[in-house]
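Enquirer: pasting the sequence and the predicted coordinates here, then a few questions.
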Number of protein chains: 4
Amino acid sequence: MELKKLWDAKQMKTVRFWRAVIGETLALFLFAFVVCASTLPWYSTEMNSSKILIISFTVGFAIATLVHCFGEVSGGHINPAVTLSMLCTLNIGIFRAFFYMIGQCVGAIGGAALLLAITPEEYRGNLGVTLVNDSITAAQGFGMEFMLTFILVFTIFSTVDPKRHVTGSQPIAIGLAIIIDHLIGISFTGASMNPARTLGPAVVMGIYDDFWVYWAGPFAGALAAAWLYVFTFGRTLEDKNEDD
Amino acid sequence: MELKKLWDAKQMKTVRFWRAVIGETLALFLFAFVVCASTLPWYSTEMNSSKILIISFTVGFAIATLVHCFGEVSGGHINPAVTLSMLCTLNIGIFRAFFYMIGQCVGAIGGAALLLAITPEEYRGNLGVTLVNDSITAAQGFGMEFMLTFILVFTIFSTVDPKRHVTGSQPIAIGLAIIIDHLIGISFTGASMNPARTLGPAVVMGIYDDFWVYWAGPFAGALAAAWLYVFTFGRTLEDKNEDD
Amino acid sequence: MELKKLWDAKQMKTVRFWRAVIGETLALFLFAFVVCASTLPWYSTEMNSSKILIISFTVGFAIATLVHCFGEVSGGHINPAVTLSMLCTLNIGIFRAFFYMIGQCVGAIGGAALLLAITPEEYRGNLGVTLVNDSITAAQGFGMEFMLTFILVFTIFSTVDPKRHVTGSQPIAIGLAIIIDHLIGISFTGASMNPARTLGPAVVMGIYDDFWVYWAGPFAGALAAAWLYVFTFGRTLEDKNEDD
Amino acid sequence: MELKKLWDAKQMKTVRFWRAVIGETLALFLFAFVVCASTLPWYSTEMNSSKILIISFTVGFAIATLVHCFGEVSGGHINPAVTLSMLCTLNIGIFRAFFYMIGQCVGAIGGAALLLAITPEEYRGNLGVTLVNDSITAAQGFGMEFMLTFILVFTIFSTVDPKRHVTGSQPIAIGLAIIIDHLIGISFTGASMNPARTLGPAVVMGIYDDFWVYWAGPFAGALAAAWLYVFTFGRTLEDKNEDD
């Protein structure tokens, strides 16, 4: 790994770079639309166990689907926290990271806005804005977002490691991590793990409560997982190849 | 791609062509039977979250299963909107497209009719006819069907692209897209995405409310996704191969 | 295919033959134990949508798991209807078919008996005996069991066809067909599709209502699907190889 | 297989050995955190069918995810019963087994403790401690834990056998076995199958009722399954290769 790779200005002259940026934008547009739609209060305004299953499977399978669709276009980050972890492990350069994040935020706001336009007012609820549960502190919310994103990003790094013996589908492996994160996290913080996913409905509805939790938690959890993988466990696979 | 390929009259002399047509007919027969059966009001005439899970998993796994069964027989379209998108991207010719659509509509009507025959009258409900939710406009319903089919067809084109590095099961990747589409779309429009699936129970029950939504929405969404993939994101995979 | 292959008396001298028979016995022992356990009335004696999800996922994933475990030992039939369809398409001989069916029935009775032993009396219900819904006729029940088993066995033949281009897991493909069959069929007939699975708890509880439905329906549906596949759609894959 | 392999003192000098031990520790830390979080009584203190679905999918997908993450680091046991079965089939040595078990227990206590710290007091319940249902005896509980662990470990040995023709994902195959075990076992014993998973919340909450059931049941079931596989069914695959 070399620090030089961070300066990727040259890539910006290629069509593929901008296709990737537009890919991330479209991915977040679809993702915010789908995720926020899964939270709409059609049958009950209260959260309950069946609704947690609906939201968890929707988000997990949405990520699996969008990684299927955009994985070979942009790498399929679909999350500024993942983009940051890829930047800080020298997998992508700063220009790519910067424009991905811009595209992700713009896309998420657009997806939430489209959902607002086709949803009747009485079933909008808060359009899937993520909020820290009233009975826990913001610090506990930060802890949960940290843990959820840690699990997600550690799974991503393990799964896409080219030194790994792959069996089965990488997008689905990542989707399953998303599902468990939602099954346990929705009741704490809404299980965002994704600053752009939080930003989209927040901008459209104008609700920014505990907003810092959804930026600090995912960014910190993603960096911790990425570095822990790269500097420790990922090394085991290298050694193994050397032995052979 | 050449326009000549659209004239596929010669294929009609092969057994395999007609096996494919009959395959699509049988696939829609089974699909309409299964999907409509999943909506029957056994325990409650009201929709609720558990029922949404039942319908969504049934339809998603049904598509995955039928693509397993008929994928190598007919391409496994199982949907006139998918057939149209394959025609308009020159993947199949006009005779194949025409007879597939006829077969799909006939099959779906047959499947719904069989279900009617073995279901007791008090549990028939409307036999799974798709209806636009009373609280949204037909235009909003069109928007939702457009988006749902867009996601489905974009996933299909991404997944079956031979230039892609495949990991995991293509039928399941497509099934997962169907599941998220249903989890979010059932409450809006019944999440048809498939004119033949809507036609089957509509003919059997004689209910044609907002019928145009289920033809215009899926056809428009499918074409938008197919063209966007073919002319934009799908190109990234070609470039990549050229680079190597 | 030759009829001579049906006379497999010579195989009976091998250890592997008897290991396969014991494998089918153990598989049905575990299967009947698991399936019947999933129906126990812990929280409500009435069927409801959440319970349908529990039973459907349990049975589908149980078949996927047992095919993982016994697929290479015995072929992983785990169902006399599947064994019959394999016999009638000349995939196995009559001695193998005969002893598999004996083992399957013995195993299923054993599994149901063990469950009885460790379940408190107040939560036994009918121990998962399959019954035709009171509001449908036995003929309608036969029709549903026919259709469910047709879908299952058609999926099995499509999935294990060695001429197919495999992507993804065969056991899971079969498990998904089981899940959709249960999601739609439990309310009609309990979604047996498997005479041994019906026999197990029936013997232990002494309940044999509409017993013929669970033998005639699955056997007829399995044969129809197997022959339709072998004589029609399966041929498409042969032709394709000839063309290339 | 040679008994000499059990004395693996030499391995303890490698970095990879200790990375594996720390991997098992971190895996159980995450596992106990996630599993216990899935049981929290957010919406109802009573168990019900939807909650069983939430817990079952959480635990099953958590094991699949952690095997994805740690499979190539430590073998991905994530369970002292699995470690014991690997030791008693001479797959690992005694030092590795000893330190894995220590790490697993320490990790599980840590994960439960972290969950305690970020969960509000009114939603803690018993933090996911596994308890034998009041209406069954401890012996029946032992029987259920034996059966559940038997199914799990038999699936693991079948799935990771290098002589097997793999299709699909091994971690997901194992996760599905976990899901069915939970769907049927939660109401009996909480479906632990894992002494460390039971130990974690037990230590943190100071609840040790019927504690022996969760050590004896999983250890006995795991050994029975491992030996049955190695000495019987696993041999079929060897024979097959000899025949070819």
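Expert: It's in.

Enquirer: by mean pLDDT, which helix or strand of chain A comes out lowest?
Expert: helix A:234-243 (a mean of 66; mean pLDDT, DSSP states H and E).

Enquirer: give me every residue that touches the residue lying closest to residue A:101 once chain neighbours are set aside.
Expert: Leaving aside its sequence neighbours, residue A:101 sits nearest to residue A:80 (C-beta to C-beta, 6 or more residues apart in numbering or on different chains; 4.7 Å). All C-beta spots, glycine's among them, are computed from the backbone N, C-alpha and C. Contacts for residue A:80 (C-beta atoms under 8 Å, 6 or more residues apart in numbering or on different chains) come out as A:100, A:101, A:104, A:105, A:194, A:195, A:196, A:218, A:219.

Enquirer: make it 7 Å
Expert: Neighbour list for residue A:80: A:101, A:104, A:195, A:196 [criterion: C-beta atoms under 7 Å, 6 or more residues apart in numbering or on different chains].

Enquirer: and these, which of them are in helices?
Expert: Among these, the residues falling in helices (DSSP state H) are A:101, A:104, A:195, A:196.

Enquirer: re earlier: out of the contacts of residue A:80, which is nearest to residue C:230?
Expert: Distance to residue C:230 across the contacts of residue A:80 (C-beta to C-beta) is lowest for residue A:104, with 51.0 Å.

Enquirer: quick check: residues of chain A near chain D?
Expert: For chain A, the residues in contact with chain D (C-beta under 7 Å from any C-beta of the partner chain) are A:47-50, A:52-53, A:135-136, A:140, A:143-144, A:147, A:151, A:154-155, A:158-159, A:164, A:167-169, A:173, A:176-177, A:179-180, A:183-184, A:187, A:232-233, A:236-237, A:239.

Enquirer: so how many other residues sit close to the nearest residue to residue A:128 once chain neighbours are set aside?
Expert: Among residues not flanking residue A:128 along the chain, residue A:36 sits closest, at 3.4 Å (C-beta to C-beta, 6+ apart). Neighbourhood size, residue A:36 [other C-beta atoms under 10 Å in any protein chain shown]: 28.

Enquirer: ok, residue A:162 next?
Expert: Residue A:162: 6 neighbours (other C-beta under 10 Å).

Enquirer: do residue A:111 as well
Expert: Neighbourhood size, residue A:111 [other C-beta under 10 Å]: 29.

Enquirer: now the nearest residue to it once chain neighbours are set aside, what's its secondary structure?
Expert: Leaving aside its sequence neighbours, residue A:111 sits nearest to residue A:32 (C-beta to C-beta, 6+ apart; 3.3 Å). The three-state label for residue A:32, taken from DSSP: H, G, I helix; E, B strand; the rest coil, comes out as helix.

Enquirer: what sits against residue A:32?
Expert: By C-beta under 7 Å, 6+ apart, the neighbours of residue A:32 are A:107, A:108, A:111, A:112, A:197, A:200.

Enquirer: the closest residue to chain C within chain A: what's it in contact with?
Expert: Chain A approaches chain C most closely through residue A:50 (7.0 Å), counting by C-beta to the nearest C-beta. Taking C-beta under 7 Å, 6+ apart, we find residue A:50 in contact with B:49, B:50, B:53, D:50.

Enquirer: can you tell me which two in those residues are farthest apart?
Expert: Comparing every pair within the contacts of residue A:50 by C-beta to C-beta identifies B:53 and D:50 as the most remote, at 9.2 Å.

Enquirer: which neighbours do these two have in common?
Expert: Common neighbours of residue B:53 and residue D:50, using C-beta under 7 Å, 6+ apart, are A:50, A:53.

Enquirer: which residue ranges form the helices in chain A?
Expert: So, for chain A - with DSSP H - the helices run A:15-38, A:49-74, A:80-88, A:94-118, A:138-160, A:170-189, A:195-205, A:213-228, A:234-243.

Enquirer: can you tell me which of the ones in helices among the contacts of residue A:80 is nearest chain D?
Expert: Among those, and counting by C-beta to the nearest C-beta, the member closest to chain D is residue A:195, at 20.2 Å.

Enquirer: what about the closest one, neighbour count?
Expert: Residues within reach of residue A:195, counting by other C-beta under 10 Å, total 26.

Enquirer: need the contact partners of stretch A:124-142.
Expert: With C-beta under 7 Å, 6+ apart as the criterion, stretch A:124-142 contacts A:35-36, A:39-41, A:45, A:112, A:115-116, A:187-190, A:192, A:198, A:201-202, A:204-205, A:207, A:209-210, A:213-214, A:216-217, D:118, D:120, D:122-123.

Enquirer: pLDDT wise, what is the closest residue to residue A:34 other than its chain neighbours at?
Expert: In space, and not counting its chain neighbours, residue A:34 is closest to residue A:62: 4.8 Å by C-beta to C-beta, 6+ apart. For residue A:62, the pLDDT comes out at 98.
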